[in-house]
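Chemist: What follows is a protein structure lacking sequence information:
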């Protein structure tokens, strides 16, 4: 039991350090963009209130503790024997190393879309997703402001990935970093992609800060994570998305 608690503490501390570092970096950018005289403007004009930030930070602490607990508990229950984790990239070659990251991104994006959409159902929203949607006007600290049940669901993607994809620790670290960076960017409140992205042949498939900001503002449409594939295929993309993007990036 002591070993499990120690692993949970180390995992949670590492995850918190990782997230706080990314969120602080984006927060500096978030504050700087408010004074930038260029073409980027805040997607929602009103400012974020201090009481919202306090609530987000408090709920984030619990979420990070849950994130840090799931895998240690799963491995303590014997999950490790069902994974194909391997130590060195050379064991399967570098081409597969990079492919494994792509596979993790694809699994994460699919898992996020369907669990996210499911948590918007009337039966589940109050218990799973309402806490996150208390933040209508988002900022970098909104990212992991989740109810405990949603944090458990979000952690499930890591278990699924380790069950399906042979990975190394380095690949997991790269994926985790990309996942955190993109999640914080999508809650930034400003758009960083170039003008015209929403209508570009490639950019139209990429999820943006504008798309996710609209999701928070209206609590409907735009359920995707990294991409908009599922939203476009399932008819859940905001019909005014391109116009909203043009308005945010002039």
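Modeler: Received the coordinates, thanks. Remember, predicted model here, so these are calculated numbers, not experimental data. Residues are numbered from 1 along each chain as shown.
Chemist: Now do the residue nearest the centre of the chain against residue 92, distance only.
Modeler: Central residue of the chain (CA atoms, centre = their mean): residue 183, 3.2 Å from the mean position. According to CB to CB, to the nearest Å, residue 183 stands 28 Å off from residue 92. Just so you know, the C-beta spots here come from the backbone N, C-alpha and C atoms, and that holds for glycine as well.
Chemist: same deal with residue 9?
Modeler: 32 Å.
Chemist: can you check residue 241 too?
Modeler: Look at residue 241 and residue 92: by CB to CB, they are 39 Å apart.
Chemist: So for the two, which sits in the more crowded spot?
Modeler: More crowded of residue 241 and residue 92, by other CB atoms under 10 Å: residue 241, with 21 against 16.
Chemist: The more buried one reaches residue 224, doesn't it?
Modeler: No. With contact defined as CB atoms under 8 Å, residue 241 does not count as touching residue 224 (11.1 Å).
Chemist: what sits in contact with each of the two?
Modeler: Residues touching both residue 241 and residue 224 by CB atoms under 8 Å, 6 or more residues apart in numbering: residue 211.
Chemist: Can you list the buried residues in stretch 242-250?
Modeler: By 16 or more other CB atoms under 10 Å, the buried positions in stretch 242-250 come out as 242, 244-245, 248-249.
Chemist: hmm, I was thinking of stretch 197-214
Modeler: By neighbour count on 16+ other CB under 10 Å, the buried set for stretch 197-214 is 197-198, 204, 206-214.
Chemist: That one spans what distance, first to last residue?
Modeler: Using CA to CA, to the nearest Å, the end-to-end distance of stretch 197-214 comes to 16 Å.
Chemist: Tell me where the longest helix sits in the chain.
Modeler: Taking DSSP state H as the criterion, the chain has its longest helix at helix 2-33.
Chemist: Can you give me the first-to-last residue distance of stretch 139-146?
Modeler: The straight-line separation of the ends of stretch 139-146 (CA to CA) is 14 Å.
Chemist: need the contact list for residue 197.
Modeler: Residue 197 neighbours (CB under 8 Å, 6+ apart): 203-204, 206, 208, 245, 249.
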